[in-house]
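Participant: just coords:
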């Protein structure tokens, strides 16, 4: 085998390894909330998690589950919104959101977000309660390519 052919063969193998490694590594994961630490939310309060994304994080997808204890209904509202709509929601204005659990005891989160430079918020809201503190256990993560 000539030196030129050997170099081309090695270069082709490097390209194949690069493609295969990106195929296996394709998705990346980020923990947003871990169930190891319960979240305590007072009456009329929210707990939110800020999630800045950039255009290199393609196809962001937030998934997870939560369970609520406390108060007469054992309920909480969970939603995901971008920064502008998060502000609207905090000021009791109508907003577009990517996920809304409504008031519930437990739920499964599944929200596909658009790719781009944007900041999102995962929000656990107890604003509707005037007396009861709620405790939430949640596991929420984001995957992207």
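Facilitator: Looks like it arrived, so ask away. All of these numbers come straight from a predicted model, not from anything done at the bench. Residues are numbered from 1 along each chain as shown.
Participant: Can you tell me, leaving aside adjacent residues, what's nearest to residue 124?
Facilitator: The spatial neighbour of residue 124 that comes closest, neighbours along the chain excluded (CB to CB, 6 or more residues apart in numbering), is residue 47 at 4.7 Å. Every C-beta, even on glycine, is put in place using the N, C-alpha and C of the backbone.
Participant: bridging residues for residue 118?
Facilitator: Beta-bridge partners for residue 118, by DSSP bridges, are residue 53.
Participant: Tell me the secondary structure of the residue nearest to residue 124, please.
Facilitator: Following DSSP: H, G, I helix; E, B strand; the rest coil, we place residue 47 in the strand state.
Participant: ok, now how distant is it from residue 29?
Facilitator: 22 Å (CB to CB, to the nearest Å).
Participant: what's the neighbour count on the closest residue to residue 27 other than its chain neighbours?
Facilitator: Distance criterion CB to CB, 6+ apart; nearest residue to residue 27, sequence neighbours excluded, is residue 143 at 5.0 Å. Here the number of neighbours of residue 143 (other CB atoms under 10 Å) works out to 15.
Participant: Who is residue 143 paired with across the strands?
Facilitator: residue 29, residue 61.
Participant: Nearest residue to the middle of this structure?
Facilitator: Centroid check for the chain by CA atoms, centre = their mean gives residue 62 as the closest residue, at 3.5 Å.
Participant: Quick check, it in contact with residue 144.
Facilitator: No - the criterion here is CB atoms under 8 Å, and residue 62 misses it with residue 144 at 9.8 Å.
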